[in-house]
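A.B. asks: Have a look; sequence and predicted model below, questions after that.
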Amino acid sequence: YNPIVTGGFQCNTDGKFVGSGAFGMALGVYMTNYTTKITLDSAVVMTALAAATSSLRLAEGTNATPNPKDEERCRRLLLKTLNQMNARRELSGQQVASSLLGIPNHFTDCHFDVVYW
């Protein structure tokens with residue numbers, strides 16, 4: 001315990017020697033998982049939400065000629081859900097720093113077209 005470090009960082013600190021062995025490996029896995037923060041892919045979530053709305057429509061027996069107004073409301077609901085999900089997802093310090101510095105989040109020699117939806 002170091003009160004200067006705790007006061008400076010405004011958080012709980014615990015200094016501890018971590019050698020090799022099972023504890024060191026477990027700590028390495030924990031820190032790797034913590035810093036990378038695997039998130040759900042938004043395309044997968046949107047596909048699942050669209051399938052759920054289609055399933056609800058079939059369950060209600062309204063499969064024939066959907067109302068365009070209902071289709072627009074459904075599309076807006078899906079878009080709002082996706083925006084809320086993306087706004088609330090956790091980001092690691094590395095992800096924030098690379099975004100602020102303009103470092104790309106992936107490297108590839110392939111070219112992909114932008115799709116606006």
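C.D. replies: It's in.
A.B. asks: what does stretch 108-117 rub up against?
C.D. replies: Applying C-beta atoms under 8 Å, 6 or more residues apart in numbering, stretch 108-117 has no contact partners. (Each C-beta comes from the backbone N, C-alpha and C, glycine too.)
A.B. asks: Determine how far the last residue of that stretch lies from the first.
C.D. replies: 23 Å (C-alpha to C-alpha, to the nearest Å).
A.B. asks: what's the answer for stretch 104-116, then?
C.D. replies: With C-alpha to C-alpha as the measure, stretch 104-116 spans 20 Å from end to end.
A.B. asks: chain center to it, what's the gap?
C.D. replies: Between the centre of stretch 104-116 and the centre of its chain there are 18 Å (C-alpha atoms, centre = their mean, to the nearest Å).
A.B. asks: Check stretch 95-107 too.
C.D. replies: Centre-to-centre, stretch 95-107 and its host chain are 15 Å apart (C-alpha atoms, centre = their mean).
A.B. asks: Give me the distance between the two termini of it.
C.D. replies: Length of stretch 95-107, first residue to last, C-alpha to C-alpha: 15 Å.
A.B. asks: Report pLDDT for Lys37.
C.D. replies: In this prediction, Lys37 carries a pLDDT score of 67.
A.B. asks: what does Leu101 give?
C.D. replies: pLDDT, Leu101: 92.
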